[in-house]
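In: I would like to see how this sequence folds:
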Amino acid sequence: MDVLYGEVVQNADNYKQLTDMNISWRRTSVINEDIISEVEKEFSIKLPDDIKHLFIEANNGRPSAYTFDSSSGKEHVMKKLLSFKREDVENVYTAKAVVNSDDNTLFPLANDPFGNFICLQNNKIVYWHHETGDVEFLANSITEFLDTLY
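Out: Numbering: from 1, shown residues only. Prediction:
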């Protein structure tokens, strides 16, 4: 066990990787663990620790590296992380209502400029395509996904 951000965590390697990445975040909106707990309660979800720490650091943020590849194509664009605050325009509450119409196992984390979402599904990171409802695997964790951004 390690201690990070004043709390005991099972494995701090993912958090160290998050802070070691060469990604900076612009236009973030500050949140704390209470807001994350509210989101988890609202959607009956237990978010992985690396996602919690990412959102504490970069909620609603736009990444400096934002391009990623998937099995369906090259050079997809991650616009921004969604916000855990209801009052922010692009937030998880609104996005969840959109993806829920297709699949209630999806929890949206980020969006692209075209209406698609990067989501958590069964503790994996997936890409949800709004036109077809198709879901494609991107990474085993948010840390792994962020590491693919260029």
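In: let me see the ranges of the helices in this protein.
Out: 13-20, 33-43, 49-58, 92-100, 142-148 (DSSP state H).
In: which residues does the residue nearest the centre of the chain contact?
Out: The centroid of the chain falls nearest to residue 109 when counting by CA atoms, centre = their mean (3.3 Å). Neighbouring residues of residue 109 by CB atoms under 8 Å, 6 or more residues apart in numbering: 51, 81, 82, 92, 117, 118, 119, 120, 125, 142. From N, CA and C alone the C-beta is placed, and that goes for glycine too.
In: now swap in residue 81 and tell me
Out: If you count contacts by CB under 8 Å, 6+ apart, then residue 81 has 25, 54, 55, 58, 59, 60, 61, 62, 63, 109, 110 around it.
In: now with 6 Å?
Out: Residues near residue 81 by CB atoms under 6 Å, 6 or more residues apart in numbering: 58, 61, 110.
In: so where is the chain shaky, pLDDT-wise?
Out: For the chain, the stretches with pLDDT under 70 are 1-21.
In: return the distance of residue 73 relative to residue 29.
Out: 30 Å (CB to CB, to the nearest Å).
In: who has more neighbours out of the two?
Out: residue 29 (17 against 10; other CB atoms under 10 Å).
In: ok, and the closest non-adjacent residue to the more buried one?
Out: residue 60 (3.8 Å; CB to CB, 6 or more residues apart in numbering).
In: now stretch 137-150: buried residues?
Out: Within stretch 137-150, the residues that count as buried by 16 or more other CB atoms under 10 Å are 138, 139, 141, 142, 143, 145, 146, 147, 149.
In: would you map the strands across the protein?
Out: Secondary structure of the chain by DSSP state E: the strands cover 2-4, 7-9, 25-26, 62-63, 67-70, 73-77, 80-81, 107-111, 117-121, 124-128, 135-139.
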